[in-house]
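J.: Predicted structure and sequence below. I'll ask about it afterward.
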Amino acid sequence: MGGIQTIDVRLDAAHAGWRLDRALAAAVPTLSRERMKALIKSGAVVSGGTEIRDPALKVQGEEALRIAVPEPRPAHNEPQHIPLNIVFEDDHLLVVDKPAGLVVHPSAGHRSGTLVHGLRALDAEGGDEDRPGIVHRLDRDTSGLLVVARSELAHARLQRALQRREIEREYLALVIGRPPARSGTIEAPIGRDPHVRTRMAVGGAHPREARTHFELDRALPEHSLLRLKLETGRTHQIRVHLQAIGHPVAGDPEYGGRGALGLQRQFLHAARLAFAHPLSGDPIDVSSPLPADLREALACAERLS
């Protein structure tokens, strides 16, 4: 872990009336205004022993302030050139078609080779510094589409659109058995499994509302191909909800479908993303075909009798 660098600043009288983040960015040119805003919100700016957490606070000029700045992050967060399938790209955002097996962001067991490392090399930006540009996530072994921001403004607007449920996320899942209806909504809160830390469960610890819509795409002899849309975005939401109604995702090692059809991972694919461009407002609608391993499993399911 890096240490903390302390910077003492006295604002100029000419800064009177400026926002605090703007004044500090002018006084410390090595730190961007967005970086300064994040530091202020984290409580890293102190005046007379009191933390100042409002970046919009108007300054009087000539204030003496102390800023605690974390030193540069270790090398495991450095950009890496990782081959990525980019299906949409402009100056403001990327849409990535993530393969199964690629971890989205660094963790204790994944210090390099993650999607975030690859995105750092593609100028992803916005939000958490450890996860630049990330708007939403996919599980390691779920394949498909992710939207990624390239600026703080694009990230903020995409996050807001996600919260307002204005980003349409459509998945394909092959499940064991046949749901009782051709379409429906699974509405059940999801929290951390109290017995297995890596799993989630309906109910569970500190549950949050969760809602998944499903529609039968194809009925097979022993399986069903479902098209699903998320209204909320809880961890493992689709997998947990489908297990809860007795139709786990084929191949899912955690929630009841392990080994089905010879699959090495869950048959879950983020097949479509549709949303308004965060700056222009133009519609973006992108799709991803099933990858080879899922096509093979689907063909196997069709042959069963």
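T.: Looks like it came in fine.
J.: what residue ranges in the chain score low on pLDDT?
T.: 1-3, 71-77, 105-112, 305 (pLDDT under 70).
J.: is Ala173 in a bridge, and if so with what?
T.: Leu226, Leu268 (DSSP bridges).
J.: Correction: the previous question concerned Pro283.
T.: Beta-bridge partners recorded for Pro283 (DSSP bridges): Ala276.
J.: ok now do it, which residues does it touch?
T.: 274-277 (CB atoms under 8 Å, 6 or more residues apart in numbering). Heads up, the C-betas are built off the backbone N, CA and C, glycines and all.
J.: Of these, keep whichever come out buried.
T.: 275, 277 (16 or more other CB atoms under 10 Å).
J.: Let me know the closest of the contacts of Pro283 to Gly233.
T.: Phe275 (13.6 Å; CB to CB).
J.: mind listing what the nearest residue to that closest one once chain neighbours are set aside touches?
T.: Closest residue to Phe275 apart from its sequence neighbours, by CB to CB, 6 or more residues apart in numbering: Ile167 at 4.3 Å. By CB under 8 Å, 6+ apart, Ile167 lies in contact with 135-136, 147, 158, 161, 273-275.
J.: Any figure for the gap between Pro278 and Val103?
T.: Pro278 sits at a distance of 26 Å from Val103 (criterion: CB to CB, to the nearest Å).
J.: which one of the contacts of Pro283 sits closest to Leu65?
T.: Out of those, the member with the shortest distance to Leu65 (by CB to CB) is His277, at 38.3 Å.
J.: distance of that closest one from Leu94?
T.: For His277 relative to Leu94 (CB to CB), the value is 12 Å.
J.: Please tell me which one of the contacts of Ile167 counts the most neighbours.
T.: When neighbours are counted by other CB atoms under 10 Å, Leu158 leads the contacts of Ile167 with 27 neighbours.
J.: Skipping its backbone neighbours, what lies nearest it in space?
T.: Counting by CB to CB, 6+ apart, the residue nearest Leu158 is Val135, at 4.6 Å.
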